[in-house]
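Chemist: predicted structure and sequence below. I'll ask about it afterward.
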Amino acid sequence: MANSKKSAKYGRETKGTGFSDHLTPLEPLDPAKITTVNDLVAAMGKTAFGARTVGEAADVLTRMALDEDTFVVLTLSGAMTPAKMGLLVCEMIDRGLVQAVVSTGALMSHGLVEGQGLPHFRAPLGWSDADLLRCGYNRIYDVIEPEINLDEIEKTVFGALDTIDPSKPFSSWMLWDAIGAILAERVEGRAILKSACLKGVPVYTPAMSDSEVGGIDVYLHRLLRLKSGKPILVNDSLLDLDHFTRLMARQRKWGIFTIGGGAPRNWAQQVGPCIDLISQRHDLHEDGRQAWWEGAPGKYSYGVRICPDPPHFGHLSGCTYSEGGSWGKIDLEKLHEGSNFAECLCDATIAWPLVLLATLERLKGRQIKKRVFAGRETVEEIQRTIDSGL
């Protein structure tokens, strides 16, 4: 009786077979058929629950990579670099999977530690946090960051700050780029900021002062300049917003790959509403001249989100793409088509390596070529335009 009622509810008298309504059948994950990471992730995508979302994330990342007109933004939060996920960022930059990075300052600070070849350690069993404090060890869950590491990177940060022109304000991407230039000159191994500098990928930090490098080190440098009578360096966070917004306005399509959430995700996603509000200000338009924001995509057409947080707490880390669509940040038509967005509710240190390695296997080692407005000349051109007041 219950099944009959259910069939009647949908206006039919027969029970569906699944195939009769063109539903997609699931498939068992067969270990005998798996020999590569891509085999595993593809098989996971044909199962259910969290495993399926890992497969879907790899599908969307591959699709974003192969879409030559899509400019991809990587947003990063959480302790990914002390957790030793930094080379995943390098790989995404070096292989052309992303064209801009928005990150917490802490993640980049610890990435600088890693980039300079300084080690992180497993937190020792049986040690209290008081014991760690006495020995100069900073704990991040089960990872140790020795305080001497942070002392060491301070030298690099000060060297980068000394290259910045004090006659005009600077932004976070300028500081990270200056640090990246030092790493490119002095470090043989891979480093996030080195890769970003060499590839012309700007790294933005919305909450710059909330970190070891962008906050404490820059502040110490400021105090030393004040004491010595030198002109101080002034950070202007709106320069980052101006630079990123102009960069995004020049693209055909937008994609976003998010680890975690927080300020980096929101800052990157708010570019659509920002451009929309600018376009509504008729007092910003000039007669006979096309405004730089005209023709911008306005919404993200692709998205991959890896984060374990649920949406019901109301914070950005757990916010669904559909909710972002209500703000005009996400293209809801593309979202509802079902193939351009994936949300993987999982620890990023588990899902991210699987998603990325599966994608790289599918790309068969080729360098991604994009027809997007990006690279070293681009970011410098935009900055010159901003400096000129246009």
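Modeler: Arrived safely. Numbering: from 1, shown residues only.
Chemist: please verify my assumption that residue 308 contacts residue 343.
Modeler: No: applying Cβ atoms under 8 Å, one finds residue 308 not in contact with residue 343, separated by 11.1 Å. In this view, the C-beta of every residue, glycine as well, is placed from N, C-alpha and C.
Chemist: the more surrounded of the two?
Modeler: A side-by-side neighbour count of residue 308 and residue 343, using other Cβ atoms under 10 Å, places residue 343 first with 21 against 16.
Chemist: looking at this, that one is in a strand?
Modeler: Yes: applying DSSP: H, G, I helix; E, B strand; the rest coil, one finds residue 343 inside a strand.
Chemist: who touches it in this structure?
Modeler: Counting by Cβ atoms under 8 Å, 6 or more residues apart in numbering, residue 343 touches 53, 304-305, 320-321.
Chemist: which of those are buried?
Modeler: Among these, those classed as buried by 16 or more other Cβ atoms under 10 Å are 53, 304-305, 321.
Chemist: need the max-distance pair from the residues you listed.
Modeler: Spanning the widest gap among the buried ones among the contacts of residue 343 are 53 and 321, at 12.6 Å by Cβ to Cβ.
Chemist: picking up where we left off before, tabulate the contacts of residue 343 (JSON lines), appending secondary structure, distance to residue 229 and pLDDT.
Modeler: Converted to JSON lines, the contacts of residue 343 look like this (DSSP: H, G, I helix; E, B strand; the rest coil; distance: Cβ to Cβ, whole Å; pLDDT from 0 to 100):
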{"residue": "53", "secondary structure": "helix", "distance to residue 229": "57", "pLDDT": "98"}
{"residue": "304", "secondary structure": "strand", "distance to residue 229": "50", "pLDDT": "98"}
{"residue": "305", "secondary structure": "strand", "distance to residue 229": "49", "pLDDT": "98"}
{"residue": "320", "secondary structure": "coil", "distance to residue 229": "53", "pLDDT": "95"}
{"residue": "321", "secondary structure": "helix", "distance to residue 229": "52", "pLDDT": "96"}
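Chemist: just those residues now: which is nearest residue 381?
Modeler: Distances from residue 381 to the contacts of residue 343, taken by Cβ to Cβ, are shortest for residue 304, at 28.9 Å.
Chemist: in the sheet, who's paired with that closest one?
Modeler: residue 257, residue 342 (DSSP bridges).
Chemist: wait, it sits on residue 63?
Modeler: No: the pair residue 304 and residue 63 fails to qualify as a contact (Cβ under 8 Å) at a distance of 9.7 Å.
Chemist: how about the strands in the protein?
Modeler: Here the chain has its strands, by DSSP state E, at 70-76, 100-103, 121-122, 137-140, 143-146, 203-204, 253-259, 300-306, 341-344.
Chemist: now tabulate those in a markdown table and tack on distance to residue 228.
Modeler: Formatted as a markdown table, the strands of the chain follow (distance: least, Cβ to Cβ, whole Å):
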| stretch | distance to residue 228 |
| --- | --- |
| strand 70-76 | 35 |
| strand 100-103 | 31 |
| strand 121-122 | 36 |
| strand 137-140 | 30 |
| strand 143-146 | 30 |
| strand 203-204 | 29 |
| strand 253-259 | 40 |
| strand 300-306 | 46 |
| strand 341-344 | 50 |
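Chemist: tell me which of the ones you listed sits nearest to residue 232.
Modeler: Residue 232 lies closest, by Cβ to Cβ, to one member of the strands of the chain: strand 203-204, at 22.2 Å.
Chemist: and for that closest one, what's in contact with it?
Modeler: With contact meaning Cβ under 8 Å, 6+ apart, strand 203-204 is reached by 100-103, 108, 171-173, 176-177, 180, 192-193, 196, 240, 243-244, 267.
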